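>>> Just to be clear, the model below is a prediction. Sequence and coordinates:
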Amino acid sequence: MKATIDFPVKQLEAMFAYDPVTGVVTRKTTGRGMPPIGSVVGSKCGKGYLRVSIRKRLYQLHRVVFALAYGRWPTLHVDHVNGDKSDNRLCNLREASNAENMRAIPAKRTSKTGVSGVSFNKAKGAWRAEIRVNYRRLHLGYFGRLDDAVAARRAAEATYFGAFAPRGG
């Protein structure tokens, strides 16, 4: 989610302090009705991300952290490497295109195998592995064992997605 940014990073730097090792953001300023200086910033939203109110507008905290760390607002998505949406340590954040960000999503909770692109084909009596690359579905094969189908999928993810291969599952 890219927000329209209506203030310079210098103003952020005057408002917040960021510790890149812990990922914690604290207030440098206060005002009427605002928390005190030194208080930790960020409240969880329904999707698990931390957010902060700046000028009566909500911003995802990982985007604010990116701006504080790099001196510029991100132009792309900010991906959490380990999948923990509230972990804003600098080593856990990276800028990613929409496609890269989507690749890093683990399998859906409803997946019977726990692995995207692996399913059981009743007609063949075998596990099928596939992967989507550049809007094309690539068939990786049919396998007698689930472990073999998962291994084929993981190998394809490493080849096609690299550092943005899905986490977990």
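Sure thing, it's come through. Numbering: from 1, shown residues only.

>>> mind checking the longest helix of the chain?
For the chain, the helix with the greatest residue count under DSSP state H is helix 146-161.

>>> Check which residues of that helix are buried.
Neighbour-count burial for helix 146-161 flags Leu146, Asp148, Ala149, Val150, Ala152, Arg153, Arg154, Ala156, Glu157, Phe161 (criterion: 16 or more other CB atoms under 10 Å). C-beta here means a position set from N, CA and C on the backbone, and glycine is covered the same way.

>>> okay, now the domains of the chain?
Per the record's domain assignment (automatic domain parsing), the chain is made up of the domains 9-96, 104-164.

>>> who are the neighbours of the helix or strand bottoming out on mean pLDDT in the chain, in terms of helices and strands?
Lowest mean confidence among the helices and strands of the chain (mean pLDDT, DSSP states H and E): helix 98-103, at a mean of 85. On a contact count with 3 or more CB pairs under 8 Å, 6 or more residues apart in numbering; DSSP states H and E, helix 98-103 meets strand 77-80.

>>> so what strands line up beside the strand it packs on?
Strand 77-80 has the following strand partners under DSSP bridges: strand 93-96 (antiparallel).

>>> ok, the closest residue to Gly42 other than its chain neighbours - how many residues close by?
Nearest residue to Gly42, sequence neighbours excluded (CB to CB, 6 or more residues apart in numbering): Leu50, at 3.6 Å. Residues lying near Leu50 (other CB atoms under 10 Å) number 22.

>>> hmm, back to that, show me which positions of the next helix or strand after the least confident helix or strand of the chain end up buried.
Stepping forward along the backbone from helix 98-103, the first helix or strand reached (DSSP states H and E) is strand 118-121. Buried residues in strand 118-121, counted by 16+ other CB under 10 Å: Val118.

>>> Paired strands for the next helix or strand after strand 118-121, with orientation please.
Once the chain leaves strand 118-121, the next helix or strand it forms, by DSSP H and E, is strand 126-133. Sheet pairing for strand 126-133, assigned by DSSP bridges, gives strand 118-121 (antiparallel), strand 136-143 (antiparallel).

>>> so strand 126-133 versus helix 146-161, what angle?
10 degrees (axes from the mean of the first three to the mean of the last three CA atoms, to 10 degrees).
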